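>>> Provided below for reference: sequence and predicted model.
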Amino acid sequence: MPLTIAASYRARARGLLGRDGLTGALLLTPASGVHTFRMRFAIDVAYLDRRLTVLDVHTLHPGRLGWPRLRSRHVLEAEAGALERWGVRRGVRVVITPGPSTPPPPSVR
């Protein structure tokens, strides 16, 4: 699945606002909570700890507040129903791998 990482304050604040849908997922980092005010569609939200282990998963409809979770350092967002289809549930560790458009890291010799 394609993943967009929102690591700057501006990217996290923008999030999914103004979009009509989402292909793949959006990772907000650092983040411990989200909201869906002014959003146009429902989303799944997975709260992740420092090691990318899923602490909790919820579906949020537009106009809702996802309360911050203790120990959450990252939030993974996707269209409603996507996380269940992908097997993302409490206790699962999320793995992020570079895609083909990402150059490989430099080798150390």
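Looks like it arrived, so ask away.
>>> burial of the closest residue to Glu79 other than its chain neighbours, as a residue count?
Nearest non-adjacent residue to Glu79, counting by CB to CB, 6 or more residues apart in numbering: Leu22, 5.1 Å away. Every residue, glycine included, has its C-beta placed from N, CA and C. Per other CB atoms under 10 Å, the neighbour tally for Leu22 reads 17.
>>> My reading is that Thr59 is in a helix; is that accurate?
No - judged by DSSP: H, G, I helix; E, B strand; the rest coil, Thr59 forms no part of a helix; its state is strand.
>>> Relative to Ala42, how far out is the residue nearest in space to the middle of the chain?
The centre of the chain sits closest to Leu76, judged by CA atoms, centre = their mean, with a distance of 1.6 Å. Taking CB to CB, to the nearest Å as the measure, Leu76 and Ala42 are separated by 15 Å.
>>> pLDDT on stretch 22-31, on average?
For stretch 22-31, mean pLDDT is 94.
>>> any low-confidence regions in this structure?
101-109 (pLDDT under 70).
>>> cutoff 90 now
Low-confidence segments of the chain (pLDDT under 90): 1-2, 9-23, 38, 67, 97-109.
>>> Please enumerate the helices of it.
9-14, 82-86 (DSSP state H).
>>> any chance of those helices in JSON lines, with mean neighbour count too?
Shown next, in JSON lines, are the helices of the chain (neighbours: other CB atoms under 10 Å):
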{"stretch": "helix 9-14", "mean neighbour count": "12"}
{"stretch": "helix 82-86", "mean neighbour count": "16"}
